[in-house]
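In: sequence-free structure coming up:
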């Protein structure tokens, strides 16, 4: 009887490890997508942007695969701790899928941006994007290591990305008011910056699910939000 129980437990552990590996692979694909999108903005490379947009399908497919794996685990009658693991995996996969979508959106907008002369503000977008990539990679490491404290540090750092986003937003608005010819390209940059800010929010969601995976419904401390774009007049 013990042998059968041990076999079931080992089989469940193996499936959970495989699920973890799939989610980490999906997360790295999304982070790499964002890095590539930032690169094509700088290089003004439409062909590379099209490849990034096409690659988003692979992330979507992996999310579906993970959803199926999660459902298979759920049907095996897991304990409460395992149910938290399963629910967190499902939520994290959905957040990673959205990160991939936002990275693809940045690549799409870069093609429209390339129709106008280069703008110096792409450097600010790149700095914002690098912060988001760092957040995504750090929160994936926290998930891999089952480290809720590291996840909490990533969550707290989202305020830094919000501050950077608000600064770029104000800078672009000022530039648009000074030069009407810049309105169209700056609008594309504003949308791109918003997509990156949303990536930071999804990294924060992942951090909260790493916490939930370990601590359940135990409340996290309030999060500092510094997106001041709604107060710009």
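Out: Great, that's in hand. All of these numbers come straight from a predicted model, not from anything done at the bench.
In: hey, which helix or strand in this structure has the poorest pLDDT?
Out: Of all helical and strand segments in the chain, the minimum by mean pLDDT, DSSP states H and E falls on helix 2-43, at a mean of 82.
In: so what's the gap between that one and the chain middle?
Out: Relative to its chain's centre, helix 2-43 lies at 14 Å (Cα atoms, centre = their mean, to the nearest Å).
In: equivalent analysis for stretch 133-146, please.
Out: Chain-centre distance of stretch 133-146: 10 Å, with Cα atoms, centre = their mean.
In: list the buried ones in that stretch?
Out: Going by neighbour count (16 or more other Cβ atoms under 10 Å), the buried part of stretch 133-146 is 133-143. Just so you know, the C-beta spots here come from the backbone N, C-alpha and C atoms, and that holds for glycine as well.
In: make TSV from those and add pLDDT and distance to residue 151 to it.
Out: Supplementary listing: the buried residues of stretch 133-146 in TSV, determined by pLDDT from 0 to 100; distance: Cβ to Cβ, whole Å:
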residue	pLDDT	distance to residue 151
133	97	17
134	97	14
135	97	11
136	98	12
137	98	13
138	98	9
139	98	6
140	97	10
141	98	9
142	97	4
143	97	7
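In: follow-up on the earlier one: now for the least confident helix or strand of the chain, which elements pack on it?
Out: Secondary-structure packing of helix 2-43 (3 or more Cβ pairs under 8 Å, 6 or more residues apart in numbering; DSSP states H and E): helix 46-74, helix 80-113, helix 122-144, helix 183-215.
In: reformat those as JSON lines; add distance to residue 23.
Out: Putting the helices and strands packed on helix 2-43 into JSON lines (distance: least, Cβ to Cβ, whole Å) gives the following:
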{"stretch": "helix 46-74", "distance to residue 23": "6"}
{"stretch": "helix 80-113", "distance to residue 23": "6"}
{"stretch": "helix 122-144", "distance to residue 23": "7"}
{"stretch": "helix 183-215", "distance to residue 23": "9"}
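In: so what touches stretch 126-135?
Out: Outside of stretch 126-135, the residues within contact range by Cβ atoms under 8 Å, 6 or more residues apart in numbering are 31, 34-35, 37-38, 41-42, 106, 154, 157-158, 160-161, 164-165, 168, 193, 196-197, 199-200, 203-204.
In: got a pLDDT number for the residue nearest in space to the middle of the chain?
Out: The centroid of the chain falls nearest to residue 99 when counting by Cα atoms, centre = their mean (3.7 Å). At residue 99, the pLDDT value in this model is 97.
In: what of residue 84?
Out: Note for residue 84: predicted pLDDT of 84.
In: report the separation between it and residue 93.
Out: 15 Å (Cβ to Cβ, to the nearest Å).
In: more neighbours: which of these two?
Out: Legend: neighbour count by other Cβ atoms under 10 Å for residue 84 and residue 93, higher for residue 93 (24 against 18).
In: show me how far stretch 109-122 is from its chain's centre.
Out: In this view, stretch 109-122 has its centroid 23 Å away from the chain centroid, taken as Cα atoms, centre = their mean.
In: picking that back up, so the least confident helix or strand of the chain versus helix 122-144, what angle?
Out: Helix 2-43 runs at 170 degrees relative to helix 122-144, counting by axes from the mean of the first three to the mean of the last three Cα atoms, to 10 degrees.
In: dihedrals phi and psi, the nearest residue to residue 215 once chain neighbours are set aside?
Out: Spatial nearest neighbour of residue 215, chain neighbours left out: residue 148 (6.2 Å); criterion: Cβ to Cβ, 6 or more residues apart in numbering. Main-chain dihedrals, residue 148, degrees, to the nearest 10: phi -70, psi -30.
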